[in-house]
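Participant: Fold the stuff below for me.
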Amino acid sequence: MKSHTKYLTLTVPGKMTFVNITAEVAQAVRASGVQEGLVLVNTMHITSSVFINDDERGLHHDFGKWLEDLAPFNPDPNVYHHNRTGEDNADAHLKRQIMGREVVVAITQGKLDFGPWEQIFYGEFDGDRPKRVLIKIIGE
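Facilitator: Numbering: from 1, shown residues only. Have a look, this model is predicted:
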């Protein structure tokens with residue numbers, strides 16, 4: 001069995017945005033030489049996310065609005081107890097829980113084996129600093 005590891009480092013400006021990382025993951029799959037296997041893609045930070053969905057601007061707007069309605073940014077330590085630690089990013093931790101930490105995608109004939117419209121996204125909820133994403137590929 002082969003394995004291949006690649007790390008992406010993203011520095012996303014602002015508090016919240018979504019970045020399509022499908023091309024970077026597909027490139028890592030090609031570099032691995034794996035024809036049949038799996039790729040794990042996960043964020044290595046607790047205020048960001050990796051998820052699969054459609055690459056459609058309106059949907060991404062809706063994600064942002066929905067997440068902000070569920071866990072609005074508020075640095076007040078009386079609103080979020082986590083902010084009593086001196087941080088102001090409790091909302092980002094909650095948003096990450098909703099959107100998820102990782103995805104696993106099948107590799108078939110050397111390519112990502114997606115359903116229609118599926119793409120891999122990095123979701124940032126507390127940006128303006130470098131964060132890593134792990135791409136781990138295993139297979140034959």
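Participant: What average pLDDT does stretch 128-140 get?
Facilitator: Predicted confidence along stretch 128-140 averages 97 (mean pLDDT).
Participant: buried stuff in it?
Facilitator: Taking 16 or more other Cβ atoms under 10 Å as the basis for neighbour counts, the residues of stretch 128-140 that come out buried are Lys131, Val133, Ile135, Lys136, Ile137, Ile138, Gly139. Where you see a C-beta, it was placed from the backbone N, CA and C, and this is true even at glycine.
Participant: Isn't Gly14 up against Phe125?
Facilitator: No: between Gly14 and Phe125 there is no contact under Cβ atoms under 8 Å: 10.1 Å.
Participant: Looking at those two now, which is surrounded by more residues?
Facilitator: Phe125 (27 against 9; other Cβ atoms under 10 Å).
Participant: So the more buried one sits against Val12, correct?
Facilitator: No: here Phe125 lies out of contact with Val12, judged by Cβ under 8 Å, at a distance of 9.6 Å.
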